[in-house]
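K.L.:
Give me the fold of what follows.
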Amino acid sequence: MTTEARPTTDLLRLTERRMAWLEARQRVLAGNVANADTPGYQPRDVRSFASVLAGAGGGGAPMAATDPRHLTARNDPMLARPDRSAPDSAPNGNAVSLDREALKVAETDSAHSLAAALHRRYLGMFRTALGRQG
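P.N.:
Here you go, the predicted structure:
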């Protein structure tokens, strides 16, 4: 019985991790847009979701934050890092391209909508299996 339930809960956990990653990325991208006129500002981004799943940058299991007041670990793979694909800097040293950031924000928003829809579908399947409606 436990082995049958595990793949489904793993799928739920995966969608939840994806949504958390997308939320973190959206915050970083919003910071880039907010600093579009800041002299010397270099755009940032988070590591790819694939590298987060593979455990890149963490060196093992991530630290659990069981309370919202916990600090994040310095090797947290979702921490913002310099965006290596940023274009050349403007004369004032700022390398934020609003067009590129807008594309990343739109891509992240679409991915979040998809992950949220999948999460709702999984929960709907559980409700159906339990004989509940709504």
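K.L.:
Leaving out sequence neighbours, find the closest residue to Asp88.
P.N.:
Using C-beta to C-beta, 6 or more residues apart in numbering and skipping residues adjacent in sequence, the residue nearest Asp88 is Ala95, 6.9 Å away. Bear in mind the C-beta positions are built from the backbone N, C-alpha and C, glycine included.
K.L.:
so Leu118 sits in a helix?
P.N.:
Yes: the assignment for Leu118 by DSSP: H, G, I helix; E, B strand; the rest coil puts it in a helix.
K.L.:
The closest residue to it other than its chain neighbours: helix or strand, and which one exactly?
P.N.:
Excluding its sequence neighbours, the residue lying closest to Leu118 (C-beta to C-beta, 6+ apart) is Thr15, at 5.2 Å. Assessed by DSSP states H and E, Thr15 sits inside helix 2-34.
K.L.:
buried residues in that helix?
P.N.:
Thr15, Arg18, Met19, Trp21, Leu22, Ala24, Arg25, Gln26, Val28, Leu29, Asn32 (16 or more other C-beta atoms under 10 Å).
K.L.:
who's in contact with the helix or strand following that helix?
P.N.:
Note on helix 2-34: by DSSP H and E, the next helix or strand toward the C-terminus is strand 44-45. The contact list for strand 44-45 (C-beta atoms under 8 Å, 6 or more residues apart in numbering) reads Arg25, Val28, Leu29, Gly31, Asn32, Ala80, Arg81, Pro82, Asp83, Lys104.
K.L.:
Which single one of these is nearest to Ala54?
P.N.:
Arg81 (15.9 Å; C-beta to C-beta).
K.L.:
in the sheet, who's paired with the closest one?
P.N.:
When assigned by DSSP bridges, Arg81 has beta-bridge partners Asp45.
K.L.:
I figured it hits Val46, correct?
P.N.:
Yes: if you go by C-beta atoms under 8 Å, Arg81 and Val46 touch, sitting 7.2 Å apart.
K.L.:
Show me which of those two is the more surrounded one.
P.N.:
Neighbour comparison, Arg81 and Val46: the larger count goes to Val46, with 23 against 13 (by other C-beta atoms under 10 Å).
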